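Enquirer: No sequence on hand, only this structure:
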């Protein structure tokens, strides 16, 4: 077998710098005595699409001894790639799909995810199974080097290309010495120091062939102070719930107390305990008390609904001020000013008013007109200014009005009816009761999003009799819930309902 | 200013004899043009030939020292018409564009220049946008060469061969008085390689000479009776002259084994792919050494009948690697062999796919089939075995990544507004154009019905002239507008009394092709006239209803669009949606900002964020935006199931996500953050004051919450 070129494919997304990496590999190869060729098909893929850069390196010494030029290919051939560099986890999967990853391949892949638009626009969780991809690629590749290159790049202030370049050097999969790699970065002359740091971090991670950036979750364990006296009795009650539901109940209780007060937390536990007793009666023990666990979670969300008071409260907390500084990558001590995008509607403003008054305001068109004139375009509230902070702080302090307000009335009534449905069905069809409990998942968000979710929830509840008549009610209900999360216009849900024979329910809505 | 600066590449254009040029294929062509003594170059940008235009735009000094005139033509038709200069004069000229789309536009002028014939060499460099990475309809430029009888070069994809073919192309054009097309596939255009340069040549007879010494020749004008004479000339004189030249200078190559009863004919541009397949099948090595005879067609039109006959005479079976369809070469070779009564059987589309790109894998499979059938003795273990690809099928899991608007793109809010208006007045027909804005047809917007070609967005909706209750919307970019949309779209709508709506995306560049300047660009350009507003142009041709809207103002964009769709006023309506292309803006502003920060000047940088505890994971915001920096992450809340929205560090602070939250009444999770670098004394004072007071109240609130603490310190 005569000499063959070193064949390197770079799988990247447009804008990730795959072209820069290919160029660097070419230059490093040339420094090390190779004839280098690279190609790509960027085209529209430059705008966020997936694309491949391909490099071949051929030893000059071989060329000299034969006295002819090698014929280098312009694209990777399936089953014939020495090194695959994937700048994102799913792109490693794409390389496998294209046949570039074999037992002879060294795979260098970043473990971070850049979610595709199809994954992001789902109304629930549309993320694909990244672990399945990693396992498949790991099994196929002769050798795999995986670490979070994006994080390494960020920590070193380098471009991700520099980290990938370092990983390639560290892998030893090319005959190019480290100095030739580093010299290439130097002579490129842009952000040299930072890119060399990124290169070194990629090099080291690759050398160790372990996950150099494995999540370091063992943050200094904080001392665990005792619970406050006001909530201690409630926590004791959590301890009496079925063991499998306790963790969720604790989170739920915490949320409800945080939303209002321990008294409200006590209501939460009353309701949950009732469910637990129904659960026990329905043979929940054999089902790991799934019903109690589900209700523990969704009851908390139902009771701690998202209203203006809660938003204002969350926006003004000290912990939030720490978090947004981290999120926007502010340097220590750097001044950061923050504005909120608030767009309250008349409905939200009436949340806290007594139900009778609120309903009469909501039915007056003049009130709506005046309100729209003031808030119609939405408001930007400067939370880091005193005026904005105190406005939100004042809103947050209106918590005490909640229980007497319209929203509380509406939410409470719905929650009670929902719990009744769960209880009523638990004995007859345990799985169905669990599905009814998790229908709460549909109700989320604010404004139109909230209304849409609530409308879908009501449509499905109204069709419960048809659901029960179906061969497998729990599965039928789960299908309805999933279809409600398929599209915003309710097309899938209507189709699923009419398939169920629930046309009457649709008409009624 | 183009997306990239080509200052470094411009230096490569100055290389002299014996120096080694290292760089991209399309830049090698640019250098070869200067080495060939070209007098004028024109073209229209587009992948994969944009860089040829961009580097020449940056190389004014070299061009003027060589007496070369460069035009960034208004369209491919305008570029092709430039070749008229070579009809009467011994001037060498070259034009370039993306093909087949550009060739479609250019074909009127091309047919004329091909009929007239040329004195000076005329070269048409077409970037064949076919196969992977292509954004256009899948067709062949080959047909254009055949219909107008221009010669088509398809060189082997290495820089030496490509450059040599540019030189030969001019000579062939002059020897046969025919324009010559040089076809380069995408990968060849972007190919990095090297060749040994020659000195640039200043033409002996230049444009100045031609302008000062006009010559007229009635017989060169396409009008009776000359047009009939031209056709006969093509067949009787130009074609034989071309065939003689190709044979004499051996433009086609006979490679591989000298004899044998099987052989391979390949388009030059596919030779490297073929050799890699042969390597993998175990019948060639990396240097192209093989026993199998190969006839490499660096000229794919016309075919040289003697050569074809000679190659096939002693063969039983010949594999023909011809990419694309219809299979013009296969048909022509079969016709040649039939006429000569040669029995060699041609295997082209019989063993290779009829459609689609001929990748290494595809060619390898075809080659294996051919060897198995006709040369089993060559079949060895490597040839028989498939590559060892293991692993489960991930095609359902690995997500599609359609192209989309960049982070902070000003075109995105236009379509957000459109989506919001559709929610209010119902869906309407949307006729799209060519440009980045065409990404509206993809998720998350899913807006758009058809695209009929560059600048033809409004013309594509012109049939909808009925008296309907709902108007149509057409979209056009500023690039398409100046390419031809001003006449084919706007003039057409005015003249035919359209009552429909046009949205012109005015982002200051021909953005999709690499950010080249156009007439309405805001930047000053040393060699071009910019700052000619679109609004003035459309009013000039008679449009009365014209609104200019800043795109990032989603609320206003929505109101204006709704107004255009619902006003009782009759007549064409144009919304000019304005904001600079973010990619170019960042390229310009980011270095300036970084410099200012380094120099200690006060800089305020805005970016956006999402609060994960108020986000409920519905992702409405993403469905209205699709910004790459607006993404998702695990929900930190154990009670919630769905991932939360999250703005990553690529955010450029355009503000559309916040505007969307307002315009669509989404949710209160978005916030705008302003980071201050090198704050002034007043900044610091105010900040300390605010921190002190706000902190006081926050600590009080923290203490109140501690009364209900669960004992986790959180």
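Expert: Cool, the structure landed. Since we're looking at a predicted model, the values are computed, not measured. Numbering: from 1, shown residues only, chains lettered A, B, ... in the order given.

Enquirer: domains in the chain, as residue ranges please.
Expert: Using chain A. According to automatic domain parsing, chain A comprises the domains A:6-208, A:228-304+A:405-428, A:312-401, A:443-509.

Enquirer: right idea, wrong chain: chain B
Expert: Split by automatic domain parsing, chain B gives B:7-248, B:253-384, B:412-584, B:597-701.

Enquirer: quick one, which of these is nearest to residue A:287?
Expert: domain B:597-701 (19.7 Å; C-beta to C-beta). For glycine as for every other residue, the C-beta is placed from the backbone atoms N, C-alpha and C.

Enquirer: pull the longest strand from chain A.
Expert: strand A:50-59 (DSSP state E).

Enquirer: so what strands line up beside it?
Expert: With DSSP bridges as the test, strand A:50-59 is paired with strand A:6-13 (antiparallel), strand A:34-40 (antiparallel).

Enquirer: Tabulate the ones you listed (JSON lines), appending mean pLDDT and mean neighbour count.
Expert: Shown next, in JSON lines, are the strands paired with strand A:50-59 (pLDDT from 0 to 100; neighbours: other C-beta atoms under 10 Å in any protein chain shown):
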{"stretch": "strand A:6-13", "mean pLDDT": "96", "mean neighbour count": "25"}
{"stretch": "strand A:34-40", "mean pLDDT": "95", "mean neighbour count": "26"}
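
Enquirer: pLDDT wise, what is residue 290 at?
Expert: All of this is about chain A. Per-residue pLDDT puts residue A:290 at 96.

Enquirer: let's do chain B instead
Expert: On the pLDDT scale, residue B:290 gets 96.

Enquirer: Phi first, then psi, for it.
Expert: phi -150, psi 160 (degrees, to the nearest 10).

Enquirer: of all the strands paired with strand A:50-59, which lies closest to residue A:358?
Expert: With C-beta to C-beta as the yardstick, what comes closest out of those is strand A:6-13 (49.6 Å).

Enquirer: Please compute how far that closest one lies from its chain's middle.
Expert: Put simply, strand A:6-13 sits 28 Å off its chain's centre (C-alpha atoms, centre = their mean, to the nearest Å).

Enquirer: contacts for it?
Expert: A:18, A:21-22, A:25, A:29, A:34, A:48-58, A:73, A:76, A:80-88, A:91-92, A:94-95, A:100, A:114, A:164, A:168, A:174-175, B:401 (C-beta atoms under 8 Å, 6 or more residues apart in numbering or on different chains).

Enquirer: Now for residue B:581: which residues touch it?
Expert: Taking C-beta under 8 Å, 6+ apart as the test, what residue B:581 contacts is B:409-410, B:507-509, B:511, B:515.

Enquirer: Just give me how far stretch B:666-673 sits from the chain centre.
Expert: Using C-alpha atoms, centre = their mean, the offset of stretch B:666-673 from its chain centre is 37 Å.

Enquirer: is that stretch anywhere near chain A?
Expert: Yes: using C-beta under 8 Å from any C-beta of the partner chain, stretch B:666-673 comes into contact with chain A via B:666-668, B:670-673.

Enquirer: Quick one: end-to-end length of that stretch, please.
Expert: 19 Å (C-alpha to C-alpha, to the nearest Å).

Enquirer: Report the mean confidence score over it.
Expert: So the average pLDDT for stretch B:666-673 ends up being 92.

Enquirer: And stretch B:356-370, by the same measure?
Expert: On average, stretch B:356-370 scores 96.

Enquirer: Over to stretch B:27-37?
Expert: On average, stretch B:27-37 scores 97.

Enquirer: Would you check that residue B:437 makes contact with residue B:410?
Expert: No: applying C-beta atoms under 8 Å as the test, residue B:437 and residue B:410 come out as separate, 10.3 Å apart.

Enquirer: Of the two, which one has the most company?
Expert: More crowded of residue B:437 and residue B:410, by other C-beta atoms under 10 Å in any protein chain shown: residue B:437, with 31 against 25.

Enquirer: which residues touch the more buried one?
Expert: With C-beta under 8 Å, 6+ apart, residue B:437 has these contacts: B:411, B:414-415, B:475, B:477, B:505.

Enquirer: and which of those residues is nearest to chain A?
Expert: Lowest distance from chain A to the contacts of residue B:437 (C-beta to the nearest C-beta) belongs to residue B:411, with 10.8 Å.

Enquirer: Could you pull up the residues touching the closest one?
Expert: B:405, B:436-437, B:439-440, B:505, B:507, B:551, B:577.

Enquirer: For the residue lying closest to residue B:244 once chain neighbours are set aside, give its distance to residue A:232.
Expert: Spatial nearest neighbour of residue B:244, excluding adjacent residues (C-beta to C-beta, 6 or more residues apart in numbering or on different chains): residue B:175 at 7.8 Å. As judged by C-beta to C-beta, to the nearest Å, residue B:175 and residue A:232 stand 99 Å apart.

Enquirer: Which one's more surrounded, the two?
Expert: residue B:175 (18 against 13).

Enquirer: what kind of secondary structure is the more buried one in?
Expert: Three-state call for residue B:175 (DSSP: H, G, I helix; E, B strand; the rest coil): helix.

Enquirer: Could you double-check that it sits in contact with residue B:241?
Expert: Yes: under the criterion of C-beta under 8 Å, residue B:175 makes contact with residue B:241 at 5.6 Å.

Enquirer: mean confidence score for stretch B:397-410?
Expert: The model assigns stretch B:397-410 a mean pLDDT of 92.

Enquirer: and that stretch, how far out from the chain's middle?
Expert: 17 Å.

Enquirer: Over to stretch B:578-596?
Expert: With C-alpha atoms, centre = their mean, you get 23 Å for stretch B:578-596.

Enquirer: Any buried residues in it, and which?
Expert: Judged by neighbour count (16 or more other C-beta atoms under 10 Å in any protein chain shown), stretch B:578-596 contains these buried residues: B:578-587, B:593.

Enquirer: Closest one to chain A out of those residues, please.
Expert: Using C-beta to the nearest C-beta, the shortest approach to chain A within these belongs to residue B:583, at 8.6 Å.

Enquirer: what does the strand or helix carrying residue B:242 rub up against?
Expert: Secondary structure from DSSP states H and E places residue B:242 in helix B:239-248. Helix B:239-248 has contacts (C-beta under 8 Å, 6+ apart) with B:149, B:151, B:171-172, B:175-178, B:251-252, B:299, B:302, B:304-307.
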